[in-house]
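Peer 1: When you get a sec, could you give me coordinates for this:
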Amino acid sequence: MARVCACGEYFQVNDEGELCLNPGTMGLRDMITYTEPGTNAFERGDFPWLARVRARVQAAGGGSAGAVAEAGESIWRAGGAGGGYSESLLDVSLIGAIETVVVGEGGEGGIGNNPGLAGGSSSFGGLVIANGGGGGSTSMASGTNIITATGVTGPPGGTGQIAIGGGASEGAVRLADRTGICGAGGDAHLGHGGVSRPNQGAGTVGRGFGGGAGGSASFDRNAYNGGVGSGGIVVLELYG
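Peer 2: Okay, the predicted model is just below:
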């Protein structure tokens, strides 16, 4: 009669006499990606084989300010900050029956001479949290003199075994009535900031996930909106 031997570290025989893999030895079995801004529910019971979850959480980037200069003058805006990133490998015993998954929305660009809005934070329950990037400011007034505008400080690290703050945005410089440069948006772990511009126009959008928006610029009463920060993402790697 044929006989099969199995390693007890990886296999067990259940009450029905079936040979089964031991929980926690199956490796990566599934991956869920959330990219739509808003709130979702992760139900642990949908995955009865679940042993561990690696939660990768990227917050959204901030928008940049809008700009409307006076006649014969210019305004140059700094960018918005990049969103933070957090990550943890969690044993199933730490995960509730239902965990709330939040994906941060990219910060809107300012309209007129109004600041950009901050990007939304992203999270996996209260276990893994990443902070959204700040919006670009309106610190530079219309004019023709040489002046600088400071970029936005990146958000601090959130909650997780790995917690990285988002990247600060670049500042802006005005050299004369039509000469200057806008600031690029702050980078994120999973995205890049919108690019800077050397001429008038709307702010540039963040790229990937969590990038801050690049700054806008205005000459001679032309109105340009700020750019929009890129949204966040939550990735759940499910291990059996």
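Peer 1: moving C-terminal of the lowest-mean-pLDDT helix or strand in the chain, what's the next helix or strand?
Peer 2: When each helix and strand of the chain is scored by mean pLDDT, DSSP states H and E, strand 19-21 comes last, with a mean of 64. Per DSSP states H and E, the first helix or strand lying C-terminal to strand 19-21 is strand 28-34.
Peer 1: The helix or strand just after that next one: which residues count as buried?
Peer 2: Using DSSP H and E, the helix or strand that follows strand 28-34 in sequence is strand 38-43. Buried residues in strand 38-43, defined by neighbour count with 16 or more other CB atoms under 10 Å: Phe42. In this view, the C-beta of every residue, glycine as well, is placed from N, C-alpha and C.
Peer 1: Specify the angle between strand 38-43 and strand 28-34 in degrees.
Peer 2: Per axes from the mean of the first three to the mean of the last three CA atoms, to 10 degrees, the angle that strand 38-43 makes with strand 28-34 is 160 degrees.
Peer 1: Need the three-state assignment for Ser93.
Peer 2: Ser93 carries the three-state label helix when classified by DSSP: H, G, I helix; E, B strand; the rest coil.
Peer 1: pLDDT score for it?
Peer 2: Predicted confidence (pLDDT) for Ser93: 97.
Peer 1: Could you tell me how many residues sit around it?
Peer 2: 7 (other CB atoms under 10 Å).
Peer 1: same check, this time on Gly27
Peer 2: 10.
Peer 1: now the closest residue in space to it that isn't next to it in sequence: how far from Val53?
Peer 2: Nearest residue to Gly27 in three dimensions, chain neighbours excluded: Tyr239, at 6.3 Å (CB to CB, 6 or more residues apart in numbering). Tyr239 sits at a distance of 7 Å from Val53 (criterion: CB to CB, to the nearest Å).
Peer 1: what does Gly211 give?
Peer 2: Gly211 is 26 Å from Val53, by CB to CB.
Peer 1: Give the residue from those two that has the larger number of neighbours.
Peer 2: Comparing Gly211 with Val53 by other CB under 10 Å, the one with more neighbours is Gly211, at 38 against 24.
Peer 1: OK, contacts around that one?
Peer 2: If a contact means CB atoms under 8 Å, 6 or more residues apart in numbering, then Gly211 has 61, 82-83, 185-188, 191-194, 205, 229-230 as its contacts.
Peer 1: Same check on Gly208?
Peer 2: With the criterion set at CB under 8 Å, 6+ apart, Gly208 makes contact with Ala188, Leu190, Gly191, His192, Ser230.
Peer 1: and the residue nearest to Asn131 when sequence neighbours are not counted, how many neighbours does it have?
Peer 2: Nearest residue to Asn131, sequence neighbours excluded (CB to CB, 6+ apart): Pro155, at 3.8 Å. Look at Pro155: counted by other CB under 10 Å, it has 28 neighbours.
Peer 1: what about Pro155, is that helix, strand or coil?
Peer 2: Pro155 - assigned by three-state DSSP - is coil.
Peer 1: ok, it touching Gly83?
Peer 2: Yes. If you go by CB atoms under 8 Å, Pro155 and Gly83 touch, sitting 6.9 Å apart.
Peer 1: Now do the shared contacts for the two.
Peer 2: Listed contacts common to Pro155 and Gly83 are Ala59, Asn131, Gly132, Gly133, Gly166; contacts here mean CB under 8 Å, 6+ apart.
Peer 1: Could you dump those residues into JSON lines and include pLDDT?
Peer 2: Below are those laid out as JSON lines (pLDDT from 0 to 100):
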{"residue": "Ala59", "pLDDT": "99"}
{"residue": "Asn131", "pLDDT": "98"}
{"residue": "Gly132", "pLDDT": "98"}
{"residue": "Gly133", "pLDDT": "98"}
{"residue": "Gly166", "pLDDT": "98"}
